[in-house]
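Enquirer: sequence plus the predicted model coming up.
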Amino acid sequence: MVILGFIFTAIVGLIASWAERKITARIQYRVGPVLLQPFYDIAKLFVKQTLIPEGSFKPVFLAAPIIGILSVIVSSTILWINCVNMKYTFWGDLIVVVYLFMVPSLSLMMGAFAAKNIYAALGAAREMKLILSYELPFILAILVPVIKSGYSVRFSEMLQYQAAYGPFAMSLSGGLAFIVAVVCIQAKLGFVPFDVAEAETEIVGGVLVEYSGKALGIFRLMKNMLLAALPVFLIMIFLGGLGDGFLGLFFGILKYIMILLLIVVIKNTNPRLRIDQAVRFFWGPVTVCAIAAVILAARGL
């Protein structure tokens, strides 16, 4: 099941990456890549040599991308199991997935600090500040469907509740929490305007500046897989899940495309924020909106 979860998430993530690059290219009046270009890019990195920077802490430097992608594989597998057969789920799987979604950012920081490069360290410091800023409103946004489902922390119970009473995003508190969550996953994906940890024009790749070959390929694949897993996570806790049968699957795909388009639009219509601006943004209006959503959910709105 884990292997199938990995393969399926990787394929969906690479196709989503192609769609994101294609839409971005069309917005910029370019043709964009062919459908299989993301697959070619990953395959090319996997046949190249991985260079280890001199003076780096080699065990952590090489282990970081593996830890990151394993966390995405496990979290996405839990999500797909809930979509296929909810009887194999377990209590608290929501908490486990939320925790695992934080590990990729931590793995980027681990690898960057282990590289002992000034640009990588600067990128890691920015990534650390980003995590501290967006995780609070993200968790508060997730707390809204938890409250509305009767304080359940199990995906299957949330899906059953939404099947009976409608998606949480259709309520006032759920809609507000959904918007907050979308903004937070924009930062989790490292997309503009929250790409300060890599910022190629400023710190030449930041957290990934010393990575090459297979290690860089694993990190790139990890980010592509997150582009598949994070929208599905939002669909399950806010939009009623992917659905059953052909019609349900069709609407589930439409929900995924809607979130993907929203992410791409945000990426292409905003400039990169400075790290201090990003922190103020998340600790200010985003956190206030998340708290308001929690209060409204507690009042049944």
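Expert: Structure received. Residues are numbered from 1 along each chain as shown.
Enquirer: quick one: which helix or strand includes the residue nearest to I259 when sequence neighbours are not counted?
Expert: Taking C-beta to C-beta, 6 or more residues apart in numbering, and ignoring the residues beside it in sequence, I259 has P231 as its nearest neighbour in space, at 4.2 Å. (Glycine included, C-beta is placed from N, CA and C.) According to DSSP states H and E, P231 maps onto helix 213-238.
Enquirer: who are the packing partners of that helix?
Expert: Applying 3 or more C-beta pairs under 8 Å, 6 or more residues apart in numbering; DSSP states H and E, we find helix 213-238 packed against helix 2-27, helix 37-46, helix 58-84, helix 93-115, helix 118-148, helix 155-165, helix 172-188, helix 245-268.
Enquirer: chain center to the third one: distance?
Expert: In terms of C-alpha atoms, centre = their mean, to the nearest Å, the gap separating the centre of helix 58-84 from the centre of its chain is 12 Å.
Enquirer: got it, and the fifth one?
Expert: Computed by C-alpha atoms, centre = their mean, the separation of helix 118-148 from the middle of its chain amounts to 11 Å.
Enquirer: relative orientation of that helix and helix 213-238 in degrees?
Expert: 20 degrees (axes from the mean of the first three to the mean of the last three C-alpha atoms, to 10 degrees).
Enquirer: do the same with the shortest one
Expert: The directions of helix 37-46 and helix 213-238 differ by 140 degrees, with the same axes, to 10 degrees as the criterion.
Enquirer: give the buried residues for helix 37-46.
Expert: 38-39, 41-42, 45 (16 or more other C-beta atoms under 10 Å).
Enquirer: can you check the fifth one too?
Expert: By neighbour count, and taking 16+ other C-beta under 10 Å as the criterion, the buried residues in helix 118-148 are 119-131, 133-138, 140-148.
Enquirer: do the same with the last one
Expert: For helix 245-268, the buried set under the neighbour-count rule, 16+ other C-beta under 10 Å, comprises 252, 255-256, 259-260, 263-264, 266-267.
Enquirer: so which elements touch it?
Expert: So helix 245-268, by 3+ C-beta pairs under 8 Å, 6+ apart, packs with helix 2-27, helix 172-188, helix 213-238.
Enquirer: hang on, the earlier thing: I'd say the residue nearest to I259 and I257 touch.
Expert: No - at 9.1 Å, P231 does not count as touching I257 under the criterion of C-beta atoms under 8 Å.
Enquirer: end to end, how far does stretch 236-252 reach?
Expert: 10 Å (C-alpha to C-alpha, to the nearest Å).
Enquirer: now it: how far from the chain's centre is it?
Expert: 19 Å.
Enquirer: what mean pLDDT does that stretch get?
Expert: Computed over stretch 236-252, the mean pLDDT rounds to 83.
Enquirer: and what of stretch 198-214?
Expert: 81.
Enquirer: offset the numbering so it begins at 33, please.
Expert: With 33 as the first residue, the last one maps to stretch 230-246.
Enquirer: can you give me the end-to-end span of that stretch?
Expert: 19 Å.
Enquirer: what's next to it, contact-wise?
Expert: 77-78, 80-83, 85, 88, 93, 97, 140-141, 143-144, 147, 149, 151-152, 154-156, 158-159, 222, 228-229, 248, 251, 304 (C-beta atoms under 8 Å, 6 or more residues apart in numbering).
Enquirer: let's see it at 6 Å
Expert: For stretch 230-246, contacts defined as C-beta atoms under 6 Å, 6 or more residues apart in numbering pick out 78, 80-83, 85, 140, 144, 147, 149, 151-152, 154-156, 159, 229.
Enquirer: next, count neighbours for Q81.
Expert: Neighbour count of Q81, defined by other C-beta atoms under 10 Å: 8.
Enquirer: identify the spatial nearest neighbour of it, chain neighbours not counted.
Expert: G245 (5.0 Å).
Enquirer: how far away is the one you found from F71?
Expert: Distance, G245 to F71, by C-beta to C-beta, to the nearest Å: 17 Å.
Enquirer: ok now the lowest-mean-pLDDT helix or strand in the chain, how far from the chain's centre?
Expert: Within the chain, no helix or strand scores below helix 232-235, which has a mean of 74 by mean pLDDT, DSSP states H and E. Distance of helix 232-235 from the chain centroid (C-alpha atoms, centre = their mean) equals 22 Å.
Enquirer: can you list the buried residues in it?
Expert: Neighbour-count burial for helix 232-235 flags 234-235 (criterion: 16+ other C-beta under 10 Å).
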